[in-house]
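*Asks:* Show me the folded form of this:
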Amino acid sequence: MRLLIIKFIKNIIFSYLREFLMKTRMYNIYWLTICVLACLTNIAMADDVDKSKVDKLDKQFINLSNITYSDSSLYKKNSIKISNKISSLYSKVKALNEAHNYPAALIEIHANKALIKKNIDNESIYYFLNLLLSHNDWILASSIYAHIIKEGDKSLISNVKYIFAKYHYFRNEWNKTLTLLSGINSDLGVNEGHYALVMNGIVLQKLKKHREALKFYNQVPIKSKYYNYAQLNKATVNIRQGWWSDAHIIINKLLTSNESKPVYEEEFINRLYLVLGYSFLQQEYFRESRNSFRNIRKYSQYSNRALLGISLAAANQGDNIGALNILNILQEEKTRSLSTEESYLLLPYIYERLGQYKTASASYTIALRYYQTRIKEVENILISIKTNPHNLLPDTENTLIFKGTNIHISSNKELANIKNRRELITLKSIAQDKKTHDIIDKLIFDYDLHIAEQATRILQKTLYNLKSYLNQSQYGIARLYDNSKSEL
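*Replies:* This is a model prediction of the structure:
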């Protein structure tokens, strides 16, 4: 699903707020608008990616990887013997990879590429290609692919195209993905065929061809392991088309189906409730919205967004005390989540609605101090990154860490580059000559600079939003002061 659900939330709330403001023409609701728009814009904002720079680094990595793994001196060092049976090669490669020694497995594949090309009809070809592509060993993988296109039968070609389609899909290369998926479904296994249908649908949604996407989701049968995800994506298509009732029927059916519920991941259930809650909020069904959000588990990755949704629904119902309680819960968590940061701006507005103007003023002052502190923190991190870009290291698959601060990366292009950066350390450990070591060090240096640039762009967006929140807090205090003077 990737960012589809997050983008969907942003769009429906934007629409909701525009319509609500036009209907009410109430000045005070402006404060509520500021909070929600800022939060959801941040949630859904994709990282700006310099595609040409990313592609250049990727090509350099691919060439260096091929040179390193093709080095014949590695074969002697690793006691590589050219295999004469594809089954023996497969067993050895699989054992090495499962023992977490993938470099040795890749060396075996490179050393025996002639044998692999002679045995493209053997099912081990799929394992070899998946392993090569998972480590971005593109040159050998594409060489084998070209040989298969020339010599293989239709079924083999379709299954290999499916493997390459997944490679391009996870790099957000949508048109290449669609081209490879075209006309291959009937030759794939059951699970692979259903996953290909879901990929087709998601790519078409990414290209804003929502109705075309429905045709693929509708082909995923109820017994499929991918049925639930196809249905959720189908619901988002319906919502984008304004077919709210159809979307709600789909989501409620997924939530109440005893047959398929045990195979759900808990976070998938939470995501269903999040989508349902915000769709009700967009339609101004505030009670239903709150009920949906309440079903999201406390420790879910969606819990803070659910709490923010409950507070918005409560405020729109006139339940200011309920909204206040939820916002206080958000602040007590002491996290750096976007929803928590938004709560500092929304909280004083609720106090205003309750007529507690002194408390509202004090709350705005707290917000001011909070945003001033956060702005200083982010500015210091930006200075440190500029001074020491090579201290910014990958923490998890989609997070960078710098001096205790986590920086989330959402661009698949960038995630692929971060993975390449990790792979370079492995390449350096197996490279045989100083010249290659020097080339690897230079590429690591370039990757560090690029990753630092990407982290800087993300933090600059955070800084821009924090300054906006600070300005709104300052304006809120000034407005309260003016109102109190006018009452004298």
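*Asks:* Please count neighbours and contacts with C-alpha atoms only from this point.
*Replies:* Will do.
*Asks:* chain center to whatever helix or strand Leu382 lives in, what's the gap?
*Replies:* Using DSSP states H and E, Leu382 sits in helix 357-387. Centroid displacement of helix 357-387 relative to its chain, using Cα atoms, centre = their mean, to the nearest Å, is 27 Å.
*Asks:* for stretch 169-189, how far is the first residue from the last?
*Replies:* The straight-line separation of the ends of stretch 169-189 (Cα to Cα, to the nearest Å) is 19 Å.
*Asks:* Report the buried residues of that stretch.
*Replies:* Across stretch 169-189, burial judged by 16 or more other Cα atoms under 10 Å covers 169, 171-174, 177-178, 180-181, 184-185, 187-188.
*Asks:* of all the residues you listed, which comes closest to Phe128?
*Replies:* When those are ranked by distance to Phe128 (Cα to Cα), Leu188 comes first, at 17.7 Å.
*Asks:* Give me the phi and psi for that closest one.
*Replies:* Backbone torsions for Leu188, taken as degrees, to the nearest 10, come to phi -90, psi 160.
*Asks:* so who does it touch?
*Replies:* By Cα atoms under 8 Å, 6 or more residues apart in numbering, the residues touching Leu188 are Ser155, Ser158, Asn159.
*Asks:* what do you get for Asn185?
*Replies:* Ser158, Gly193, Ala196, Leu197.
*Asks:* what's the spacing between Gly318 and His100?
*Replies:* Relative to His100, and taking Cα to Cα, Gly318 is found at 58 Å.
*Asks:* who's more crowded, those two?
*Replies:* More crowded of Gly318 and His100, by other Cα atoms under 10 Å: Gly318, with 14 against 11.
*Asks:* Could you measure from that one over to Ser289?
*Replies:* 14 Å.
*Asks:* Can you tell me which helices and strands the helix holding Leu382 packs against?
*Replies:* Judged by 3 or more Cα pairs under 8 Å, 6 or more residues apart in numbering; DSSP states H and E, the packing partners of helix 357-387 are helix 338-353, helix 434-486.
*Asks:* I'd like the mean pLDDT over the longest one, please.
*Replies:* What it means is helix 434-486. The average pLDDT for helix 434-486 rounds to 87.
*Asks:* In the stretch 101-250 of the chain, what residue spans correspond to strands?
*Replies:* In order along the chain, the stretch 101-250 of the chain carries no strands (DSSP state E, counting those that start in this stretch).
*Asks:* And the helices in it?
*Replies:* Secondary structure of the stretch 101-250 of the chain (DSSP state H, counting those that start in this stretch): helices located at 102-111, 113-118, 124-134, 138-151, 154-169, 174-181, 190-206, 210-217, 227-240, 244-256.
*Asks:* Rebuild these as CSV, extending it with mean pLDDT and distance to Leu312.
*Replies:* Below are the helices of the stretch 101-250 of the chain laid out as CSV (pLDDT from 0 to 100; distance: least, Cα to Cα, whole Å):
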stretch, mean pLDDT, distance to Leu312
helix 102-111, 94, 50
helix 113-118, 96, 60
helix 124-134, 97, 43
helix 138-151, 97, 49
helix 154-169, 97, 36
helix 174-181, 97, 36
helix 190-206, 96, 29
helix 210-217, 95, 29
helix 227-240, 92, 20
helix 244-256, 91, 20
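*Asks:* Looking at those helices, spot the one closest to Asn412.
*Replies:* That would be helix 154-169 among the helices of the stretch 101-250 of the chain, by Cα to Cα, at 9.3 Å.
*Asks:* buried set for the closest one?
*Replies:* Across helix 154-169, burial judged by 16+ other Cα under 10 Å covers 156-169.
*Asks:* Just among the contacts of Asn185, which is most surrounded?
*Replies:* Ala196 (25 neighbours).
*Asks:* any idea how far that one is from Gly183?
*Replies:* Ala196 sits 11 Å away from Gly183 when distances are taken as Cα to Cα.
*Asks:* same question, Tyr344
*Replies:* Distance of Tyr344 to Gly183, given as Cα to Cα: 53 Å.
*Asks:* Next: Leu443.
*Replies:* Distance from Leu443 to Gly183, by Cα to Cα: 39 Å.
*Asks:* Leu324: what's it in contact with?
*Replies:* Leu324 sits next to Ser311, Leu347, Ile350, Tyr351 when contact means Cα under 8 Å, 6+ apart.
*Asks:* 10 Å instead, please
*Replies:* The contact partners of Leu324, taken as Cα atoms under 10 Å, 6 or more residues apart in numbering, are Ser311, Ala314, Ala315, Leu330, Ser343, Leu346, Leu347, Pro348, Tyr349, Ile350, Tyr351, Leu354.
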